[in-house]
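Novice: Kindly return the folded structure for what I paste below:
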Amino acid sequence: MNPMRIEAPARRAWLRGGLALALGAGLGLRAGATAQAPLVKVWKGPSCGCCKDWITHLQANGFRTQAVDEGNTDARERLGVALQYGSCHTALVGGYAIEGHVPAREIQRLLKERPRAIGLAVPAMPLGSPGMDGPEYGGRKDPYDVLLLLPGGGSRVYQSYR
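Specialist: Predicted structure coming up:
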């Protein structure tokens with residue numbers, strides 16, 4: 001008998017075990033990545049297309065999302081975001097309020113740095129910001145700032161987009 005040759009029943013068992021291990025590891029990685037992804041709860045109007053596009057942007061950048069189609073006025077107030085920073089949707093992630101079309105990159109930075117703040121805002125709805133960058137806008141881009149909302153009602157520029 002050849003010592004390098006594995007008999008058919010043993011070979012099948014070995015292959016099944018290896019396949020199960022590989023498949024389990026692959027599923028575990030995907031499940032682990034999903035479980036580790038921050039959840040962003042988004043309050044928006046039920047038919048707002050730019051809000052849906054912003055949610056898609058977040059998902060494409062590794063966030064899990066949960067949309068609440070009740071509008072965002074009450075959520076904005078509850079989270080302590082002043083009306084002057086308002087936009088069409090309000091979100092909550094990792095204890096921070098997110099108001100408007102904030103890029104995923106800045107949310108990731110916020111969650112990494114964990115500053116003492118209420119959250120981030122992109123007031124109004126600037127063209128070219130995530131969710132306001134679809135083909136219907138003809139490639140137009142407005143300069144805008146992502147603001148860090150500070151306790152007490154103030155803010156400072158967290159990141160500028162020009």
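
Novice: contacting residues around stretch 134-143?
Specialist: Stretch 134-143 is contacted by residues 50, 53, 126-129, 133, 160-162 when judged by CB atoms under 8 Å, 6 or more residues apart in numbering. Any C-beta I mention is one placed from the backbone N, CA and C, and that applies to glycine too.

Novice: how does it look with 10 Å?
Specialist: With contact meaning CB atoms under 10 Å, 6 or more residues apart in numbering, stretch 134-143 is reached by 49-50, 53, 56, 124-129, 132-133, 160-162.

Novice: Can you select the buried ones among those residues for me in PyMOL?
Specialist: Applying 16 or more other CB atoms under 10 Å to the contacts of stretch 134-143, the buried members can be selected in PyMOL as follows:
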select buried, resi 50+53+125+126+128+129+132+133
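
Novice: In strands only, show me the contacts of stretch 134-143.
Specialist: 160-161 (DSSP state E).

Novice: Just name the closest of the contacts of stretch 134-143 to Glu113, please.
Specialist: Ser160 (16.9 Å; CB to CB).

Novice: what's the helix or strand for the nearest residue to that closest one once chain neighbours are set aside?
Specialist: Counting by CB to CB, 6 or more residues apart in numbering, Ser160 lies nearest to Asp145, which is 5.1 Å off, once chain neighbours are set aside. Applying DSSP states H and E as the criterion places Asp145 in strand 144-149.
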